[in-house]
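[1] Would you be able to build a 3D model of this:
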Amino acid sequence: MTDARFADADPAPLALLAGDAEDLTVISALVQDAVLQVSDVSYDSRHRQLALLLNRFRWEDAEQARREDRPYERVRAVLLISDVQKVQSDGIDRRATDLVLELLALQWQPSDDGAGRLLLDFAGDGTLAVHAECLNVELRDVTRPYIAPSRKQPQHPET
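    Predicted structure coming up:
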């Protein structure tokens, strides 16, 4: 009997939870280059949750797609941030509901009491600052993967 390889597994939808900065690093990498419209951002102050409906590039499948010479994929996913106290935006016109945003990274800035700020950095210098009691972030794929419209892997200029 041989060990199973990751490549042999069925591509299951992602369902991840971040409760610390190390976990958040993984989620941040997986949502890099996700695109969404401003209208896909919803803050529910009563339930203290911020939800973003993303078109996420499937970074976890990119190497295999390249090896198999098949198109890259995206998937619709929900990024849910809980225990939210306040949300602020900078450089994002929340009234421009058709504006397309490209998510670049998530960063946690903890304070001494366990609370902190989660920064969602977007291309074009836009930022959402989410003040939260604690780091509580969930990423969940909600559709089947589909072929990326560009059929290309996102590229980043080397610095």
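
[2] residues in contact with the most centrally placed residue in the chain?
    The centre of the chain sits closest to residue 31, judged by C-alpha atoms, centre = their mean, with a distance of 3.1 Å. Each residue near residue 31 by C-beta atoms under 8 Å, 6 or more residues apart in numbering is listed here: 54, 56, 77, 79, 103, 106, 139. For glycine as for every other residue, the C-beta is placed from the backbone atoms N, C-alpha and C.

[3] Just those residues: which are in strands?
    Mapping these onto strands (DSSP state E) picks out 54, 56, 77, 79, 103, 106, 139.

[4] Distance-wise, check residue 141 relative to residue 131.
    Per C-beta to C-beta, to the nearest Å, residue 141 is found 27 Å from residue 131.

[5] The two: which is more packed in?
    For residue 141 versus residue 131, neighbours defined as other C-beta atoms under 10 Å are more numerous around residue 141 (20 against 16).

[6] which element is the residue nearest to the more buried one when sequence neighbours are not counted on?
    For residue 141, ignoring the flanking residues on the chain, the nearest one in space by C-beta to C-beta, 6 or more residues apart in numbering is residue 13 at 3.6 Å. In this structure, residue 13 sits in neither a helix nor a strand according to DSSP states H and E.

[7] ok, now which ones touch residue 35?
    Counting by C-beta under 8 Å, 6+ apart, residue 35 touches 54, 55, 100, 101, 102, 103.
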